[in-house]
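Undergrad: Okay, here's the prediction I keep looking at, along with the sequence it came from:
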Amino acid sequence: MARYTGPKNRICRIFGEPILGSGKNLGKNSNPPGQHGPSRKRKTASEYAIQLKEKQKAKYTYGLLEKQFRNTYVEAARLKGATGENLIKLLEARLDNTIYRMGMAPTRPAARQMVSHKHIMVNGEVVNIPSYTMKPGDIIELKPKSKANNDVTGQIRGKGQKISWVDWNEKEMKGTYIAHPERESVPENIKEQLIVELYSK
């Protein structure tokens, strides 16, 4: 199962945002990585560089590699409506991201691991594919055996108040994917139009 396994803090420093993990070290060292990070005079980035950086940010945020991200973009382009908004909706509808939004896991990589280790059931069936696309009305819950596992249940924090497109029942350890989110509801700082412009070239 392909995924990014490199240094997370380095990625946070490249983008200046805590897109992987807590970003707790950004305050100590917010300079770009590399030997000359603090002092190197950087030229004004080209239009292509800005678009590419935005795509890379989205890839790292949602935990996709290039081929998978491009396939998601192609699917978004096929759908009706704005391609950029469709892309964000498809990324948010991934099973691992939905688990993260529900607060069942503290990070997206942790949510991905929960799925791949077969702790998660969707509509009563075990699903171990992190990229599984959720549909409105789908119900997510822990397997009965996993509900008794303190290592699994100890990660559950519950969803944030601003995440309105999923529901979470803490008592039953069960959640519902209510609807695809509107772009303005998604808190990620991603300029999806730049990604569309990049792939349109």
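TA: Arrived safely.
Undergrad: Every contact and neighbour count from this point should use C-alpha atoms.
TA: Noted.
Undergrad: Got phi/psi on the closest residue to residue 120 other than its chain neighbours?
TA: Once flanking residues are discounted, residue 120 sits nearest to residue 142: 4.9 Å by C-alpha to C-alpha, 6 or more residues apart in numbering. Dihedral angles of residue 142 (phi, psi; degrees, to the nearest 10) stand at phi -80, psi 150.
Undergrad: And for residue 16?
TA: phi 70, psi 20.
Undergrad: Number of residues surrounding residue 116?
TA: 16 (other C-alpha atoms under 10 Å).
Undergrad: Check the protein and tell me which residue is nearest its centre.
TA: residue 62 (2.8 Å; C-alpha atoms, centre = their mean).
Undergrad: Just the pLDDT for the residue nearest to residue 120.
TA: Reading off the confidence values, residue 142 has pLDDT 93.
Undergrad: Hmm, residue 118 and it touching each other?
TA: No. Using C-alpha atoms under 8 Å, residue 142 makes no contact with residue 118, being 9.1 Å away.
Undergrad: Tell me which of these two has more neighbours.
TA: residue 142 (25 against 15).
Undergrad: mind listing what the more buried one touches?
TA: 119-121, 173-174 (C-alpha atoms under 8 Å, 6 or more residues apart in numbering).
Undergrad: please redo it, this time with the cut-off set to 6 Å
TA: 119-121 (C-alpha atoms under 6 Å, 6 or more residues apart in numbering).
Undergrad: top of those by neighbour count?
TA: residue 120 leads these on contacts (other C-alpha under 10 Å) with 25 neighbours.
Undergrad: check contacts around that residue.
TA: 126, 141-143.
Undergrad: from the residues you listed, which is closest to residue 169?
TA: residue 141 (9.5 Å; C-alpha to C-alpha).
Undergrad: so the closest one sits right up against residue 121, yeah?
TA: Yes. The pair residue 141 and residue 121 passes the contact test of C-alpha atoms under 6 Å, sitting 5.3 Å apart.
Undergrad: sorry, back to before: roughly how far does the residue nearest to residue 120 sit from residue 94?
TA: 17 Å (C-alpha to C-alpha, to the nearest Å).
Undergrad: residues near the closest residue to residue 158 other than its chain neighbours, how many?
TA: Excluding the flanking residues, the one nearest residue 158 by C-alpha to C-alpha, 6+ apart is residue 103, at 4.2 Å. By the measure other C-alpha under 10 Å, the count of residues near residue 103 is 20.
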